[in-house]
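>>> Following is a predicted model, sequence given first.
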Amino acid sequence: MKSLVLLWKEVAEEFATWCRTSTARDYKTVASRVDKEGESFLTLTLPAFGKQFERCLEKGLVEHTDFEGFKSRGPLPCFLGGFLAQIFDSETGEVLIDACPASVFAVRQLTLMFGKMELPCTEPRVRSAIRQYVDTDWDVKLASDVLSEESLSDFTRIAGLLFSDVLSHLDALCADGGKELRGRHGPGATADRRTSNGRLRIQQWPSRLERVFPYMEHALPSPSYWREMDDVDFPEPGAEQPVRVITVPKTLKAPRIIAIEPSHMQFMQQAILEPLVQALEAKVVPGNKRANLCFGMIGFTDQLPNRELAEKGSSDGTLATLDLSEASDRVSTVHVEALLRRFPHLREAVFATRTTHARVPGYGVFPLSKFASMGSALCFPVEAMVFLTLVMMGIEREQNSRLSRKDVLSLRGRVRVYGDDIVVPVSSVRHVICALEDFGFRVNSNKSFWTGRFRESCGGDYFDGEDVTPVRLKHMIPRSRADASGVQGLVAFRNLLYVRGLWSSAGYVDRLVGKVLPHYPAVAPTSPVLGRWSFSGYDTDRVHPTLHTPLVKGYVAKPRIPSDPLDDWPALLKFFLKRGFNPLQEGHLQRQGRPQVVDIKLGWKPPY
């Protein structure tokens, strides 16, 4: 904890220089409260202060009751008072017309810097998160049961307007056994605990999946291997393997809940995901000369457009940013049925690849009302389509007339959905929120902004057009190179501080890194070496003897790929499932999967 407090002090003093104030008393407050409260003050209390600060920016006012647990002088808290006085009026608490963006950045950096450290939660918090997962599924069922047919009909109509060309293309691909689709396995864990190469020998294929995507077409390299089907189990719906619900570290406040899919389901989910994302992000839908109506309004691979719109909204006040609570877990099967109602082949395919039950610690196996949890390959694109449809429903209600293609095109550049990060015109925000809540979703009021000069979307935070995104430390400060994640995280943290102009703080972190990395050169961001980014260029220690290119001596993170031998027909299937023309990784039939251990090795590498 002492090292984190000293780091906080260094960052605070640099911001004090920026904003011509003092943080001496603020440091004493932090040091004293960390002594009394421990790490929770840095990881829970300060982030709560930062979130309340954002709400004050949103409502344009600080009230006496806003910052509980901190002494105040007038409406403003004494803690970080030097910065707050440059943002809010000291007597009325109102946001100043000429509020200082640098001070906004300072308050957010000093309160949120340690808010997302990946530390394990206490057992009661883990149990609470799991109970919330189960309760949310019950809420989803109740919310779906009260949806009127009229609302669902409107939803289907608007979804057809937005996505008819894209979904018609996918519907054709899924017809006749989906012969043009190719499955894919990812490197993550699966419910059946198969290794990365081992899951290519698929030994379970639910009967409802077989009816839509025949095993022989998708899980074998060719029909000549039909005899391998003798070893395959084709379970009926009641005997299928459920998703395995687990928790992973997110913050000390609550863990992240993930539902790990069976490998055979994930395999065919990926088969649908690939062409779906490509079609949704394409300017022109494949096989269709007409422009993609939702182009630019929905995204899965690039967060920058959302950030640019958030910056615009913070500057001119025309755009709102919305965030949803438990977004993935509140998309129901009813929503997806309505979304795909007019596309029978795609609907059948999507539901054939959906796992219907979950095994939850402490609750056993129970049927799911939600469409899918985080962990399903189709969760992210399907939820984005549902949200964009509801956004348009809200805008249609605000205009009190049915949307046309021309109306939708006029909203390009003012509406965008990336997962549960939503940007909409401020004029429509109330109607959009109502549409979302009518369908059972919950808008996160703590992370949604539309009245003040602060906006937040896809990891980009802006005040009055200025970037005020904090740089976050995700791991504890490492004591040795054996803590590979900690070393990599600290170097990344230092480089982001440097890019944001906090050069003195970056220099302090350099001294911390230097204690565990004796060789710590200046490198370009593209270099594999763990080093310092610098606007002055990169170091060169010697020249390559044959290529005559610059080399630098430094440490490189080398993942240790687990042993995972593969042979026979699954090895042939792996070749046929390969994407692109690049060769597979050397030794991929012997070692494959996510590294269980990462080593940090000293060597000679390019500095760029």
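Sure, I can see it.
>>> and residue 96, how many neighbours?
14 (other C-beta atoms under 10 Å). All C-beta spots, glycine's among them, are computed from the backbone N, C-alpha and C.
>>> pretty sure it is in contact with residue 89, am I right?
Yes: using C-beta atoms under 8 Å as the test, residue 96 is close enough to residue 89 to be in contact (6.0 Å).
>>> helices or strands next to the lengthiest strand in the chain in the packing?
Longest strand of the chain, by residue count under DSSP state E: strand 550-560. Counting contacts by 3 or more C-beta pairs under 8 Å, 6 or more residues apart in numbering; DSSP states H and E, strand 550-560 packs against helix 484-499, strand 542-543, strand 597-605.
>>> Can you tell me what sits against the shortest one?
Contacts to strand 542-543, defined as C-beta atoms under 8 Å, 6 or more residues apart in numbering, come from residues 549-551, 604.
>>> Over to stretch 453-465?
With C-beta under 8 Å, 6+ apart as the contact definition, stretch 453-465 has outside contacts at 54, 57-58, 95, 99, 101, 104-105, 108, 303, 306-307, 309-315, 317, 319-321, 323, 418, 421, 423, 447, 449, 467-470.
>>> again with stretch 125-137
For stretch 125-137, contacts defined as C-beta under 8 Å, 6+ apart pick out 121, 245, 247, 252-255, 257, 326, 329-330, 360-363, 366, 368-370, 373.
>>> check contacts around the nearest residue to residue 217 once chain neighbours are set aside.
Distance criterion C-beta to C-beta, 6 or more residues apart in numbering; nearest residue to residue 217, sequence neighbours excluded, is residue 177 at 5.3 Å. By C-beta under 8 Å, 6+ apart, residue 177 lies in contact with 212-214, 217.
>>> so of the residues you listed, which ones are in helices?
212, 217 (DSSP state H).
>>> Can you name the two of the contacts of residue 177 that sit furthest apart?
Maximum pairwise distance in the contacts of residue 177, criterion C-beta to C-beta, is 10.5 Å, between 212 and 217.
>>> who's more crowded, these two?
A direct count of neighbours by other C-beta under 10 Å for residue 212 and residue 217 places residue 212 higher, at 19 against 13.
>>> Retrieve the pLDDT associated with the more buried one.
Per-residue pLDDT puts residue 212 at 97.
>>> Would you mind confirming that residue 379 is in contact with residue 373?
Yes: with contacts counted by C-beta under 8 Å, residue 379 reaches residue 373, the gap being 6.7 Å.
>>> got any residues that touch both of the two?
Residues touching both residue 379 and residue 373 (C-beta under 8 Å, 6+ apart) are residue 328.
>>> how about the strands in the stretch 451-600 of the chain?
Under the criterion DSSP state E, counting those that start in this stretch, the stretch 451-600 of the chain contains strands at 454-457, 460-463, 466-467, 522-523, 532-533, 542-543, 550-560, 597-605.
>>> roughly how far apart are residue 189 and residue 601?
Applying C-beta to C-beta, to the nearest Å, the value for residue 189 to residue 601 is 27 Å.
>>> So between these two, which is more surrounded?
Taking neighbours as other C-beta under 10 Å, residue 189 and residue 601 compare with residue 189 leading, 18 against 10.
>>> Then the more buried one would be within a helix, right?
No: checked against DSSP: H, G, I helix; E, B strand; the rest coil, residue 189 lies outside a helix; its state is coil.
>>> Quick one: residues contacting the nearest residue to it once chain neighbours are set aside.
Distances taken as C-beta to C-beta, 6+ apart place residue 260 nearest to residue 189, at 5.3 Å, with adjacent residues excluded. Residues near residue 260 by C-beta under 8 Å, 6+ apart: 188-191, 243-246, 375.
>>> Just grab the bridge partners of residue 260 for me.
As for beta bridges, residue 260 partners with residue 244 under DSSP bridges.
>>> That one and residue 394: what is the separation?
Remark: distance between residue 260 and residue 394 (C-beta to C-beta) = 34 Å.
>>> what about residue 391, how many neighbours?
Applying the criterion other C-beta under 10 Å, we find 28 residues in the vicinity of residue 391.
>>> hmm, I was thinking of residue 272
Neighbour count of residue 272, defined by other C-beta under 10 Å: 25.
>>> need the next SSE after the helix or strand where it lies, C-terminal direction.
Following DSSP states H and E, one finds residue 272 within helix 263-281. Per DSSP H and E, the first helix or strand lying C-terminal to helix 263-281 is helix 304-316.
>>> Leaving out chain neighbours, which residue sits closest to residue 347?
Nearest non-adjacent residue to residue 347, counting by C-beta to C-beta, 6+ apart: residue 340, 3.8 Å away.
>>> Quick check: which element contains residue 193?
Residue 193 belongs to no helix or strand, assigned by DSSP H and E.
>>> what about it, distance to residue 199?
Counting by C-beta to C-beta, the gap from residue 193 to residue 199 is 10 Å.
>>> With residue 394 instead?
42 Å.
>>> Who are the contact partners of residue 216?
By C-beta under 8 Å, 6+ apart, the residues touching residue 216 are 223, 226, 229.
>>> got a winner among those for most neighbours?
Neighbour tally across these (other C-beta under 10 Å): the maximum, 14 neighbours, falls on residue 229.
>>> Bridging across strands, which residues link to residue 460?
When assigned by DSSP bridges, residue 460 has beta-bridge partners residue 457.
>>> Which residues are in contact with residue 94?
Residue 94 touches 60-61, 88, counting by C-beta under 8 Å, 6+ apart.
>>> Over to residue 393. Which of the three states is it?
Secondary structure for residue 393, judged by three-state DSSP, is helix.
>>> Do you know the pLDDT at it?
pLDDT for residue 393: 97.
>>> Tell me the spacing between the residue nearest to it when sequence neighbours are not counted and residue 424.
The spatially closest residue to residue 393, leaving aside those adjacent along the chain, is residue 435, at 4.4 Å (C-beta to C-beta, 6+ apart). Residue 435 is 10 Å from residue 424, where distance means C-beta to C-beta.
>>> Also residue 79?
Noted for residue 79: a distance of 35 Å to residue 424, by C-beta to C-beta.
>>> if you count what's nearby, which of these two comes out ahead?
Neighbour count, other C-beta under 10 Å: between residue 79 and residue 424, residue 424 has more, with 27 against 24.
>>> Which residue ranges make up the domains of the protein?
2-115, 127-462, 484-605 (automatic domain parsing).
>>> Quick one: closest of these to residue 476.
The closest of these to residue 476 is domain 484-605. By C-beta to C-beta, the value is 6.1 Å.
>>> what mean pLDDT does stretch 2-19 have?
For stretch 2-19, the mean pLDDT works out to 96.
>>> can you pull the buried residues of it?
For stretch 2-19, the neighbour count (16 or more other C-beta atoms under 10 Å) marks 4-5, 7-16, 18-19 as buried.
>>> now, which of those residues lie within helices?
Counting by DSSP H, the buried residues of stretch 2-19 place 4-5, 7-16, 18-19 in helices.
>>> what's the single longest helix in the protein?
If you go by DSSP H, the chain has its longest helix at helix 149-174.
>>> Taking helix 263-281 as reference, get the angle to it.
100 degrees (axes from the mean of the first three to the mean of the last three C-alpha atoms, to 10 degrees).
>>> any low-confidence regions in this structure?
Across the chain, nothing is flagged by pLDDT under 70.
>>> quick one: the strands in the stretch 301-450 of the chain?
319-325, 357-360, 364-367, 416-418, 421-425, 442-443.
>>> what about these, which gets the closest to residue 299?
Residue 299 lies closest to strand 416-418 among the strands of the stretch 301-450 of the chain, at 4.8 Å (C-beta to C-beta).
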